[in-house]
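K.L.:
return a 3D structure for these sequence lines:
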Amino acid sequence: MSSNRRDFIRKAPAVAAVATVPLVAGAGSAAADSGRGRPHRPRKEVHYPDGSQPPENPLFSPIVTYGDMVYISGIGAHFAGDIRQHTDHVLNEIERYLESVGSSMEKVLKVNVYLNTLDDYDGMNEVFRGRWGRKPGVRTTIAAAAGIPGDSLVEIDCIAVR
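P.N.:
Okay, here's the model as predicted:
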């Protein structure tokens, strides 16, 4: 019995390597062909909510896609109001951005929430809950030590798929 175990242990790496070759080989051939004999490779695309890039070189891009991945930069609410109004505004903007590139709130994988103060945590959650469908993505929430730029009470960014 111990010789069978030794044989198995000695042969296991070779068996594992042979077993994975068809999977690895198949992965390359399953990639979409671009029509020029090469697999399609995703590329970075920058999107602007109004459809045109600002005249000056921007500090950051509001929406970036890379293949089926969607990255939405931090959105704040820069008007007088309470945490509920600010959170609702920000979530509406995120939804609009996602839909503009063929995604949705239900396809969000990761959300980062930055609060001006943790005192607003419960109020933010009241508006936040349910906006992402029955299976929301993962979330991190922090209070920004020095506040949020532009006097917003909340800033939210996210990562989604199309």
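K.L.:
when you work out contacts or count neighbours from here on, use the C-alpha atoms and nothing else.
P.N.:
Fine.
K.L.:
who does the residue nearest the centre of the chain bridge with?
P.N.:
Centroid-nearest residue in the chain, with Cα atoms, centre = their mean: Ile159, separated by 1.2 Å. On the basis of DSSP bridges, Ile159 is bridged to Tyr71, Lys110.
K.L.:
okay but it is in contact with Asp68, surely?
P.N.:
No - counting by Cα atoms under 8 Å, Asp68 is not a contact partner of Ile159; they are 10.7 Å apart.
K.L.:
my read is Val90 is in a strand, agree?
P.N.:
No - in this structure, Val90 is helix, not part of a strand, as judged by DSSP: H, G, I helix; E, B strand; the rest coil.
K.L.:
for His40, see how far away it is.
P.N.:
Note on Val90: its distance to His40, by Cα to Cα, to the nearest Å, is 35 Å.
K.L.:
between those two, who's got more neighbours?
P.N.:
Val90 (23 against 13; other Cα atoms under 10 Å).
K.L.:
still on that earlier bit, against Val138, how distant is the residue nearest to the centre of the chain?
P.N.:
As judged by Cα to Cα, Ile159 and Val138 stand 10 Å apart.
K.L.:
for these two, list the residues in contact with both.
P.N.:
Contact criterion Cα atoms under 8 Å, 6 or more residues apart in numbering; residues bridging Ile159 and Val138 by contacting each: Leu109, Lys110, Val111.
K.L.:
and of these, the nearest to Gln53?
P.N.:
Val111 (25.2 Å; Cα to Cα).
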